[in-house]
Every structure is written in structure tokens, then in C-alpha cells.
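Enquirer: One predicted model, sequence on top.
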Amino acid sequence: MTHSIKTQGHSEQSRTMIKKFFKNKGFMTVEVLIGISIITISILASMAVAQKSIYVSRQAFHFTQANFLLEEGAEVVRIARDNNWSNISALTLGTDYYLLFSSGSWSLSSTPSTVGIFTRKINIENVNRDNITNDISGTGTVDNGTKLVTITVSWIEGGTIINKTLSFYILDIFS
């Protein structure tokens, strides 16, 4: 009889341990699910930050490239002026011109061209001078020795067309 009591006590203890195990296993499953959820959310958040960071870096890189293209365009116009003022004054006003580099020199063409993802346009306009003060103004007499140059660099970024513009006056300083 004592033997059966020991077995019965042992079996009761085993059942209690099994119940505790399954009870703890339920808590352990919840803890594992919460842990996996936290890790997944952290990874997704990190990926979103990395993606935005790459987009912003690429955008900054494109803005820097566009600035260099604007400066280069301004230099080409100055070189054209230095070679002969008629290179500037003979251009059709209000027409978009594109820079071409061939055979070691620059030229302005009305044929559209691109530099990688960028389109660079140069536009020349007349400049008026006030008859009294001789200052540049919206009205007055056309100054044939001064032109307004507008260079525009455009490209597509994230489905949107981005434009950067540089405007300056150029003078016939050699006549």
C-alpha cells in the first residue's frame, strides 16, 4: 500500500509540473511573439530610414551636379562673348539653345541635348535701359551691348521635374 501512495504522489507531482510547463509555455510563446514583433518593426523602421536617406543623398548629389552644369553653361557663354560678341548678339531672342561640345570646342545649338539625366537650356533676351538714368529697366531703349542670359538645368526626380536657374547680364566689354 505504501508503494501505491508513493506512485500516486509522484504522479500528482508530475501532473503539476506538466501543468506548469504548459502554462509557462503559453507565456513563453507570447513573449517570443512580442520579441519577434519588436524586431520586425525595428527592421522595417530601419529600412524606411535607410531608403529615405538614400533618396535625400541622391537628391543632394543631383542638385550639386546641376549647380556645376549651370556654372559651366555660364562659362561657355562668357567664352563665346570673349571670342566675338556676335556669338551672343546674333542669337535669336527667346529661343532655347543647348550646349554642344565637339572637336574640342563649345557651340550653341537649337537641337535639344542632355547631359546624363539633365537638360540644360540657354536663353538670351534683350536688355532695356532707362533713358534718363541709363539703369537697366523694364522699359526704355534696347541696349545692344547688354543681354540677359538665363540658363536652366532640369531633370526628373521622383516623378517631379526639378528646375534650377541661373540668370545674369553679359556685356560686350571689348567694343
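Expert: That came through fine.

Enquirer: tell me what the longest helix along the chain is packed against?
Expert: For the chain, the helix with the greatest residue count under DSSP state H is helix 2-83. Applying 3 or more C-beta pairs under 8 Å, 6 or more residues apart in numbering; DSSP states H and E, one finds that helix 2-83 contacts helix 86-89, strand 96-102, strand 105-109, strand 118-129, strand 141-157, strand 160-171. Every C-beta, even on glycine, is put in place using the N, C-alpha and C of the backbone.

Enquirer: The second one: which residues count as buried?
Expert: Of the residues in strand 96-102, 97-99 count as buried by neighbour count, 16 or more other C-beta atoms under 10 Å.

Enquirer: CA atoms only for it - export them in CSV, please.
Expert: Extracted in CSV, the C-alpha atoms of strand 96-102 (Å, rounded to 0.1, in the frame of the first residue of the first chain):
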residue,chain,number,x,y,z
ASP,A,96,16.2,77.9,-76.2
TYR,A,97,19.8,76.9,-77.1
TYR,A,98,21.7,73.8,-75.9
LEU,A,99,25.4,73.4,-75.4
LEU,A,100,27.3,71.0,-77.6
PHE,A,101,31.0,70.1,-77.1
SER,A,102,32.6,68.7,-80.2
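
Enquirer: Could you check the angle it makes with helix 2-83?
Expert: Interaxial angle, strand 96-102 versus helix 2-83 (axes from the mean of the first three to the mean of the last three C-alpha atoms, to 10 degrees): 90 degrees.

Enquirer: Pairing partners for strand 96-102, with directions?
Expert: With DSSP bridges as the test, strand 96-102 is paired with strand 105-109 (antiparallel), strand 118-129 (antiparallel).
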